[in-house]
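# Give me coordinates for this.
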Amino acid sequence: MIAYSADPHALTPEQLTGFFVGWPNPPRPETLLRLLQSSYRVSLAHDGERVVGFANAISDGVLSAYIPLLEVLPEYQGSGIGSELMRRLLTELSHLYMVDVMCDDEVAPFYERLGLQRAGGLIRRNYARQSGE
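Sure thing, here's the model as predicted:
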């Protein structure tokens, strides 16, 4: 049974393996733990002690937030976990004026189903730093 929580501070790196499938230079579990613990808000999905999904937000806490990551382990995808993680995170951010997500076109319909709308944006990526190290 999947349980949800919002506090990453009791997690260990061992609970954060298997994410970032397809990334050529993914963050190590220790880096992911640091990332989650430094986020403004976090939504976590657990199957027992194992973390099977997460979403995080970075924010000024006043007007705006950015959701950089939503990850669900491949074997748990398609079961509604990603949607529930986002619903919980968006509820936590509902006091803010703007909440932004930048995503690839093929996953935009997922976010639209959750009430987000398409908008233009620009990005810069430094792939040499993709691992966060």
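# Could you use CA atoms for every contact and neighbour count after this?
OK.
# which residues of the protein fall in helices?
29-38, 81-92, 108-113 (DSSP state H).
# Tell me who's in contact with the residue nearest the centre of the chain.
For the chain, the residue nearest the mean C-alpha position is residue 55 (2.3 Å; Cα atoms, centre = their mean). By Cα atoms under 8 Å, 6 or more residues apart in numbering, the residues touching residue 55 are 42-44, 67-71, 85-86, 89.
# how many other residues sit next to the closest residue to residue 14 other than its chain neighbours?
What sits nearest to residue 14 in space, not counting adjacent residues and going by Cα to Cα, 6 or more residues apart in numbering, is residue 29, at 7.0 Å. By the criterion of other Cα atoms under 10 Å, residue 29 has 17 neighbours.
# Residue 23 too?
Count around residue 23 with other Cα under 10 Å applied: 11.
# hang on, the earlier thing: kindly reformat the helices of the chain as JSON lines containing distance to residue 61 and mean pLDDT.
Formatted as JSON lines, the helices of the chain follow (distance: least, Cα to Cα, whole Å; pLDDT from 0 to 100):
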{"stretch": "helix 29-38", "distance to residue 61": "14", "mean pLDDT": "98"}
{"stretch": "helix 81-92", "distance to residue 61": "11", "mean pLDDT": "98"}
{"stretch": "helix 108-113", "distance to residue 61": "22", "mean pLDDT": "97"}
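# Tell me which of those helices sits most buried.
Using mean count of other Cα atoms under 10 Å, the stretch among the helices of the chain with the largest mean neighbour count is helix 81-92, at a mean of 19.
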